[in-house]
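Colleague: model this:
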Amino acid sequence: MVGELIPSSVDPATAGVDFWRRYHKFRRVRQKESRPDDPLRDDADEEAHMKRVSPFQETVYYEVFRDGEILGLLQGSSVKPASPEYVSNRHLYEADIFVRSEFRRRGIASSFLPVIVELMDRRGCTTLGFWVEEDSGHEFMKWVGAESKLTTIESRLMFSEIEWQEMERWAAEGARRSPDTTLEIIDGPLPEDEWQAFSSQLSAMLNTMPFEDLDHGEIVVTPEKMRDFYERLELSGEVQHTVVTREPDGTISGITDITWAPYRSAFIEQRFTGVRPDARGRGLGKWIKAAMLLHVRELYPGTRWIATGNARSNAPMLKINRALGFKPYRTGTEYQIIRDRLGGSLTAG
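Modeller: The predicted structure is shown next:
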């Protein structure tokens, strides 16, 4: 441990200028090490996001700092009772720890573990998860005793390398193979009167994603959660674009969506892409992905690259992405450890 430094709680809603000054410096250090190629959200937008209280998720922050510098930061989150996902996710706690490279191996990261155990006990959580991308994080997970549960591959597509004739062919082929299916493009929030039907169908598709060995609950999208999502996007001027395919009875058979933001105007985030199990084998995934890229070309011609993530076990979607030209960029791992094992190791230590 570095001297007598201990984690201290921070409430973004009441934090003063001194905290924000050291926090913004800290996150730039982290960005430079962890994601040097990614755009950084503006300070004002970052503060707005952290100050906003979610009705569905509780988020807490703890810092270890000295001489006006943050050495390490913990972000912990868990589902709130008001969330529609509470019943099946209440046992899960998610933590993110980052320690500046020059202060590692001095006990700062491990000093957050008793704090996490206390936070879990307060909320009745029994499983702790960590998302890890860097070697130092993997080493820490091994020391903690957490197990790898889900591996995700982030892939990136350089916009200048897209074969547009091929995309036009995919789009035309999709329409030809499913002549009774309608493709729709929605720019911005969906009309509110469609939220109920859309949210239930999106939930069903999201829960078909491969989670490998991850302990996870059900994903539940509701109109209230959609409203919360749109409000969060507005904080930094983000815009969502959605492509869906509908069958003659109105059922949504395929969905893909992306977001664009002013602070990353040349970087598109590809979010979810899914096709109903009973509609697979018709090329709908290729159709909606191609239609989205053609739409992005029209809306954001200055785009440089597009990023997306998929479970390593999601062979069908990875195959489509490779055919589109997406290339592996980095790999992340979700680790988990049960609370009793974590608490026991702390007691033994």
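Colleague: got the contact list for residue 39?
Modeller: Residues counted as contacts of residue 39 (Cβ atoms under 8 Å, 6 or more residues apart in numbering) are 263-264, 266-267. C-beta here means a position set from N, CA and C on the backbone, and glycine is covered the same way.
Colleague: let me fix that: residue 20
Modeller: 43, 47.
Colleague: now with 7 Å, please.
Modeller: If a contact means Cβ atoms under 7 Å, 6 or more residues apart in numbering, then residue 20 has residue 47 as its contacts.
Colleague: any idea which element it lies in?
Modeller: Secondary structure assignment for residue 20, by DSSP states H and E: helix 17-34.
Colleague: thinking again about what came up before, so which of the contacts of residue 39 are in strands?
Modeller: Using DSSP state E, the members of the contacts of residue 39 that fall in strands are residue 267.
Colleague: any chance of CSV for the contacts of residue 39, columns pLDDT, distance to residue 167 and neighbour count?
Modeller: Formatted as CSV, the entries for the contacts of residue 39 read as follows, by pLDDT from 0 to 100; distance: Cβ to Cβ, whole Å; neighbours: other Cβ atoms under 10 Å:
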residue, pLDDT, distance to residue 167, neighbour count
263, 96, 27, 14
264, 97, 22, 18
266, 98, 19, 12
267, 98, 19, 20
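Colleague: now render the contacts of residue 39 as JSON lines, adding distance to residue 220.
Modeller: Shown next, in JSON lines, are those (distance: Cβ to Cβ, whole Å):
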{"residue": "263", "distance to residue 220": "30"}
{"residue": "264", "distance to residue 220": "29"}
{"residue": "266", "distance to residue 220": "34"}
{"residue": "267", "distance to residue 220": "29"}
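Colleague: give me the neighbour count for residue 102.
Modeller: A count of neighbours around residue 102, defined by other Cβ atoms under 10 Å, yields 8.
Colleague: are we agreed that it is in a strand?
Modeller: No. Residue 102 is assigned helix when assessed by DSSP: H, G, I helix; E, B strand; the rest coil, not a strand.
Colleague: got the CA positions of the next helix or strand after the helix holding residue 20 in PDB?
Modeller: The first helix or strand that comes after helix 17-34 along the chain, using DSSP H and E, is helix 43-51. Included here for helix 43-51 are C-alpha records, laid out as PDB according to Å, rounded to 0.1, in the frame of the first residue of the first chain:
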ATOM      1  CA  ASP A  43     -15.300  17.200 -19.900                       C
ATOM      2  CA  ALA A  44     -18.700  18.800 -19.500                       C
ATOM      3  CA  ASP A  45     -20.500  15.800 -21.200                       C
ATOM      4  CA  GLU A  46     -18.600  13.400 -18.900                       C
ATOM      5  CA  GLU A  47     -19.600  15.300 -15.800                       C
ATOM      6  CA  ALA A  48     -23.200  15.400 -17.000                       C
ATOM      7  CA  HIS A  49     -23.200  11.600 -17.500                       C
ATOM      8  CA  MET A  50     -21.700  10.900 -14.100                       C
ATOM      9  CA  LYS A  51     -24.000  13.300 -12.300                       C
END
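Colleague: so which elements touch whichever helix or strand comes after helix 43-51?
Modeller: Scanning the chain past helix 43-51 towards its C-terminal end, the next helix or strand to appear is strand 57-66 (assignment: DSSP H and E). Strand 57-66 is packed against strand 8-10, strand 69-79, with contacts defined by 3 or more Cβ pairs under 7 Å, 6 or more residues apart in numbering; DSSP states H and E.
Colleague: what residues of the helix holding residue 20 count as buried?
Modeller: Along helix 17-34, these residues count as buried under the neighbour rule (16 or more other Cβ atoms under 10 Å): 19-20, 22-23, 26-27, 30.
Colleague: how about stretch 8-17?
Modeller: Judged by neighbour count using 16+ other Cβ under 10 Å, the buried positions of stretch 8-17 are 10, 12, 15.
Colleague: how about the secondary structure of residue 94?
Modeller: Of the three states, residue 94 takes strand under three-state DSSP.
Colleague: tally of neighbours for it?
Modeller: Burial of residue 94 is recorded as 20 neighbouring residues (other Cβ under 10 Å).
Colleague: for residue 228, see how far away it is.
Modeller: Here the distance between residue 94 and residue 228 works out to 18 Å (Cβ to Cβ, to the nearest Å).
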